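Asker: got a sequence here, can you model it:
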Amino acid sequence: MTQSKATISQAWPYQQSPMNLPVADVDRALPFYTDTLGFQLVSRSDTPHKAATLTRDTIQIGLAENGGDPTQDGCFFAVDNLDNAFAELKTNGLPQEQPTYDYQKYGETVWKVFFVVAPDGLCYCYGEQQ
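Answerer: Residues are numbered from 1 along each chain as shown. Below you'll find the predicted structure:
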């Protein structure tokens, strides 16, 4: 049976920009994003610091060796199907056995969510609007 994938429609950063997410080592971080999270590498650069741009569905994120604290940053990913999103991550090697679902309200919108912390320390919240 073919696994249905979730579509990520939006990425909202916790800090300033989803294109400048801090990591200590871009080369070490990339396999988690491409293999587990399902992103594709679009480009790399070495100036003004080592960085990589990744894409998935209609969104882009960027990892950068910019000296920032990855434990204080990440993104909220709006997805069309939260169960499919977790199943896809699990199939791709996410070591978490079960999602820990929660419900969070932003303004008038309720989201069903789960969190994934990347090996580099960045935290990602996957959410489906309820």
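
Asker: now the longest strand belonging to the chain: buried residues?
Answerer: Across the chain, the longest stretch assigned as strand under DSSP state E is strand 109-117. Of all the residues in strand 109-117, those buried under the rule 16 or more other Cβ atoms under 10 Å are Trp111, Lys112, Val113, Phe114, Phe115, Val116. From N, CA and C alone the C-beta is placed, and that goes for glycine too.

Asker: packing partners for that strand?
Answerer: helix 82-91, strand 102-106, strand 123-129 (3 or more Cβ pairs under 8 Å, 6 or more residues apart in numbering; DSSP states H and E).

Asker: show me the contacts for the residue nearest to Asp25 when sequence neighbours are not counted.
Answerer: In space, and not counting its chain neighbours, Asp25 is closest to Glu65: 6.9 Å by Cβ to Cβ, 6 or more residues apart in numbering. Taking Cβ atoms under 8 Å, 6 or more residues apart in numbering, we find Glu65 in contact with Pro22, Val23, Ala24, Asp25, Val26, His49, Lys50, Ala51.

Asker: please redo it, this time with the cut-off set to 10 Å
Answerer: Contact analysis of Glu65 by Cβ atoms under 10 Å, 6 or more residues apart in numbering lists Pro22, Val23, Ala24, Asp25, Val26, Asp27, Ala29, Asp46, His49, Lys50, Ala51, Ala52.
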